[in-house]
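Chemist: Fold the following, please.
(one chain, ligands or ions: 1)
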Amino acid sequence: MDKHSSFFARAKDQGLVWDGIAFAPIAGLGNGVKATRPLKTGDVVLTVPASTFRTLSTLSPRVVEALPDHMSLHGRLAADLSLDNTPEFAQWSALFPSISDLETALPFFWPKAIQELLPAPAKASLEAQTKRLNRDKTQVVRELPDIPPSTFTYYWMVVNSRSFYLPTPEMQALDFIDRLVLMPVADLFNHADAGCRTTFSPDGYQFAADRDYAEGEEVKICYGDHTNDFLLVEYGFVQRFSRWDKVFLDDVILPKLDVHRKTVLNRRKLLGSYEIGPEMLGCPRTQAVLRLLFCGRGQWEKFVRGNSDGKESQADANALLETLLAEYEELVNQRIETIAGVHDGLEAQRRVLMDRWKQIELVVSLTREALRAKI
Ligand SMILES: C[S@@+](CC[C@H](N)C(=O)[O-])C[C@H]1O[C@@H](n2cnc3c(N)ncnc32)[C@H](O)[C@@H]1O
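Modeler: Below is the predicted model:
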């Protein structure tokens, strides 16, 4: 990190305080944060003053004038970074992943043939992400034509993977997912499913150890209770074990729903995210969609309204779940075989896809076992 010493010196001059941590390359994760001494639970390791935030109130006049207020803050921040040619920004952005890092890691940049092999929930996240990016890009191409679209896309992904949530009154007018702040230095923390306690006050953000850390151990934060499909699309990685991971049956259920059933489910906010697992077998959404596939409409309405506990249809629901799990197991095996045989994309992209499908394979098999033991 020596070549970045002027960036960290400037951050200190601006009032950032860190204690017991240092910033260092972490094998396979880019840069990160390490404990430089044993840390005790509650030790404050980093304080970031609000005066160093990059957010709505710090957008450059050019961006404020050119881009409408109704455009996402995400897009406006990406435009702001695209136009920033200050030496301070050059120091900060020298720590960002390169374009080729992002092109390797983020499914958005993958060849279509490899994107097609993503699990359904990851495909849904990718579709939503692409829609948000394209909406912002259209606006920027029109209003700030000197920003090359590829530069905007790069910074849009940088904002996507490095921003924090800002709960200030001025953010309340924005969509929840758009209440964003960029915090140089704090954006070096990597993700774990449990990590440092982050506390916001009008003075800024504080990061405190959530547990004891040994000297040299990596200190992480939790980006949120995200599934691996979400982490892959938004951040470009999959965790080996995560308490927040979920496996869904969407790949086999969604193709079985006709337009009418999709409309009915959509109206009740029950379309997609049909979770499975050995403990719950099928979550309430899964139980609801299973019944929509075989119950009469009246019986289904009673079930989803909570006017029936569904006991009378449970045996049929279990039988259908078993059939769908068997179908999914076959599809998962096919995906694994296909990924092992394709040459599209990069080895790293195929590897992460394979890892994800192997995780799904395990959950499907454990769920089948648990269901068999029950029926
Ligand atoms: C906010 S940045 C964290 C700092 C980043 N490692 C860097 O070098 O700038 C988020 C990015 O770090 C990487 N990352 C964070 N947590 C990770 C993890 N647990 N496993 C693998 N990569 C991780 C991903 O590339 C992610 O998009």
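Chemist: tell me which parts of the stretch 51-200 of the chain are close to the ligand?
Modeler: Counting by Cβ under 6 Å from any ligand atom, the stretch 51-200 of the chain comes close to the ligand at L95, P97, A105, S161, R162, D187, L188, N190, H191. Backbone N, C-alpha and C define where each C-beta goes, glycine included.
Chemist: Of the residues you listed, which is the most crowded?
Modeler: In terms of neighbour count, A105 stands highest of these at 22 neighbours, by other Cβ atoms under 10 Å.
Chemist: Could you pull up the contacting residues of that residue?
Modeler: P97, Y235, G236, F237, A348, V352 (Cβ atoms under 8 Å, 6 or more residues apart in numbering).
Chemist: Just give me the closest of the residues of the stretch 51-200 of the chain next to the ligand to F89.
Modeler: L95 (11.2 Å; Cβ to Cβ).
Chemist: three-state assignment of that closest one?
Modeler: coil (DSSP: H, G, I helix; E, B strand; the rest coil).
Chemist: pretty sure it is touching R162, no?
Modeler: No. L95 is beyond contact range of R162, at 9.7 Å (criterion: Cβ atoms under 8 Å).
Chemist: Tell me which stretches of the protein form strands.
Modeler: With DSSP state E, the ranges of strands along the chain come out as 17-18, 21-26, 30-35, 44-49, 163-165, 180-182, 197-201, 204-208, 247-248, 275-277, 281-282.
Chemist: Please identify the deepest-packed of those strands.
Modeler: Counting by mean count of other Cβ atoms under 10 Å, strand 247-248 has the highest mean neighbour count of the strands of the chain, with a mean of 26.
Chemist: can I see the domain layout of the chain?
Modeler: Domain assignment of the chain by automatic domain parsing yields the ranges 2-53+183-229, 61-163, 247-374.
Chemist: Let me have these in TSV, adding distance to A173 as columns.
Modeler: Output for the domains of the chain, formatted as TSV (distance: least, Cβ to Cβ, whole Å):
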stretch	distance to A173
domain 2-53+183-229	17
domain 61-163	9
domain 247-374	24
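Chemist: who wins for proximity to P169 among these?
Modeler: Comparing these by Cβ to Cβ, domain 2-53+183-229 comes nearest, at 9.7 Å.
Chemist: Now do that closest one: distance to the chain's middle.
Modeler: Remark: domain 2-53+183-229 is offset 19 Å from the chain centroid, using Cα atoms, centre = their mean, to the nearest Å.
Chemist: can you give me the end-to-end distance of that domain?
Modeler: Using Cα to Cα, to the nearest Å, the end-to-end distance of domain 2-53+183-229 comes out at 35 Å.
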